[in-house]
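A.B. asks: Give me a 3D structure for the following:
(one chain, ligands or ions: 2)
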Amino acid sequence: MKILDVKVIVCCPGRNFVTVKIVTDEGVYGIGDATLNGRELAVASYLEDHIAPCLIGRDPQQIEDIWQYLYRGCYWRRGAVTMSAIAAIDVALWDIKGKLANMPLYQLLGGRSREGVMVYGHANGADIAETVEEVGRYIDMGYKAVRAQCGIPGLPSTYGVSGDKMYYEPANADLPEENIWSTEKYLNHVPQLFNTLRDRYGFDVHLLHDCHHRLTPIEAGRLGKDLEPYRLFWLEDTVPAELQERFRLIRQHTTTPLAVGEVFNSIYDCNTLITEQLIDYIRSTIVHAGGISHVRRIAALAEIYNVRTGFHGATDLSPVTMGAALHFDTWVPNFGIQEYMRHTEATDDVFPSDYYFKNGYLHVGDTPGHGVDIDESLAAKYPYQRAYLPVNRLQDGTLFNW
Ligand SMILES: O=C(O)[C@@H](O)[C@@H](O)[C@H](O)[C@H](O)CO
Ligand SMILES: [Mg+2]
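C.D. replies: Ligands and ions are numbered 1, 2, ... in the order given. Presented below is the predicted three-dimensional model:
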């Protein structure tokens, strides 16, 4: 069996996606996602110009060998562009293997470990009152877990707060927007939000919060401590995580569970965090961390240190990643939770899938492979549109973390 073609499809049904389609000489094909928000065309070129020529004629069944070939063979290891490109190929090959075996992916991985995948939705509002209402809306839709983000008095805009409540989309400008940030204002405000949420909804619903890498370790320790009475499911991305040792200080100061990893792309980004048990949830996701073949190594390491998975699932991860992630979540023993931001109808039309939401859980279907396809002629109607994530500045103009 041979790979005949590696197609790279870039489309923008409301937002940009980079998709790979690997076609074999036996007619079976597989689909993978390579979307890297705000840097899409770099990955598309990596795939088209540098990976595709090496794959033609290879046996698509040799997933591990192809992974090693692309990782070790390029010499320049790791990095978001490389690992997203490898991920797309890897997921497409797993999709092919599932189709050849006539099995859904979760069966190939080791079978079902749970009935459904608990997901969390995104509630956000301009102020505490609006955020509380939005959390209620998610609870009414059946969600067992809700992330709450709220506007901060005195700041014109804040991470996670958007006009469109259902389809949050941070990459919204032809050139990066500039946000303004104050850690002091933020740290004073957030505990009030969770105090109000617990007063209103009690302790049965899981509540989560994302700091988007904006704190120092000692500030993170303080916020974690201030939030302890409200029993968060997790506090996410408190500090920038290039330096894993930073988490030692946070951990000394709070028992609030910590999650990190959406920007990581390899096991080497989180080995200290996992082996020293400095975090509770690892968020590294299939599309940005080398695909199923690599993320299963991260999950296996995490399992022996009591760290659970909590994959990134924002709208910039295409339904292909969501489908693959849900199969992984259905199998992986140390599953924690899955982020779920709904895609727009236009996106769902371009990427037909068989997963569905019911009572706070997502469920995979039994279609062989990962169960997500791409409608290429529809995709062609939505050409690429340049879009950037915002940047962030302190009130005095200093460039800060977004
Ligand atoms: O937790 C999350 O979902 C976020 O941090 C994302 O919204 C993130 O900002 C985007 O995926 C960036 O592309
Ligand atoms: Mg996040």
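
A.B. asks: Would you point out which residue of the stretch 1-150 of the chain is nearest ligand 1?
C.D. replies: Nearest residue of the stretch 1-150 of the chain to ligand 1: residue 37, at 3.5 Å (Cβ to the nearest ligand atom). Bear in mind the C-beta positions are built from the backbone N, C-alpha and C, glycine included.

A.B. asks: which residues touch that residue?
C.D. replies: Residue 37 is in contact with 16, 170-171, 316, 389, counting by Cβ atoms under 8 Å, 6 or more residues apart in numbering.

A.B. asks: Just the strands from the stretch 151-300 of the chain, written as ranges.
C.D. replies: 178-181, 206-210, 234-236, 258-260, 281-282 (DSSP state E, counting those that start in this stretch).

A.B. asks: Just tell me which of the ones you listed ends up closest to residue 110.
C.D. replies: Set against residue 110 and scored by Cβ to Cβ, these come closest in strand 281-282, at 18.7 Å.

A.B. asks: strands paired with that closest one, and their directions?
C.D. replies: Strand pairing for strand 281-282, determined by DSSP bridges: strand 258-260 (parallel), strand 308-311 (parallel).

A.B. asks: starting at the chain centroid, how far to that strand?
C.D. replies: With Cα atoms, centre = their mean, to the nearest Å as the basis, strand 281-282 stands 12 Å off its chain's centre.

A.B. asks: That strand near ligand 1 at all?
C.D. replies: No - Strand 281-282 lies apart from ligand 1 when judged by Cβ under 6 Å from any ligand atom; the minimum separation is 11.6 Å.

A.B. asks: Provide the contact partners of that strand at residue level.
C.D. replies: With contact meaning Cβ under 8 Å, 6+ apart, strand 281-282 is reached by 234, 257-261, 270, 273-274, 298-299, 302, 307-310, 336-337.

A.B. asks: Swap in 10 Å and give it another go.
C.D. replies: For strand 281-282, contacts defined as Cβ atoms under 10 Å, 6 or more residues apart in numbering pick out 208, 233-236, 257-262, 264, 267, 269-270, 273-274, 289, 295, 298-299, 301-302, 305, 307-311, 334, 336-337.

A.B. asks: Ok, stretch 267-277 next?
C.D. replies: 77-78, 83, 241-248, 251, 258, 260-261, 263-264, 278-279, 282-284, 289-290, 294-295, 297-307.

A.B. asks: same check, this time on stretch 216-223
C.D. replies: Residues contacting stretch 216-223 (Cβ under 10 Å, 6+ apart): 183-184, 186-187, 190-191, 209, 211, 214-215, 235, 237-240, 243, 245-254, 256, 258.

A.B. asks: thinking again about what came up before, and ligand 1, which of the contacts of strand 281-282 contact it?
C.D. replies: Applying Cβ under 6 Å from any ligand atom to these, one finds that residue 262 fall near ligand 1.

A.B. asks: Pull up the residues of the stretch 251-400 of the chain that are close to ligand 1.
C.D. replies: Residues of the stretch 251-400 of the chain lying near ligand 1 (Cβ under 6 Å from any ligand atom): 262, 312, 314, 316, 339, 389.

A.B. asks: Which residue comes closest to the fifth one once chain neighbours are left out?
C.D. replies: In space, not counting the residues next to it along the chain, residue 339 is nearest to residue 313; the distance is 3.5 Å by Cβ to Cβ, 6 or more residues apart in numbering.

A.B. asks: Nice, that's everything, thank you.
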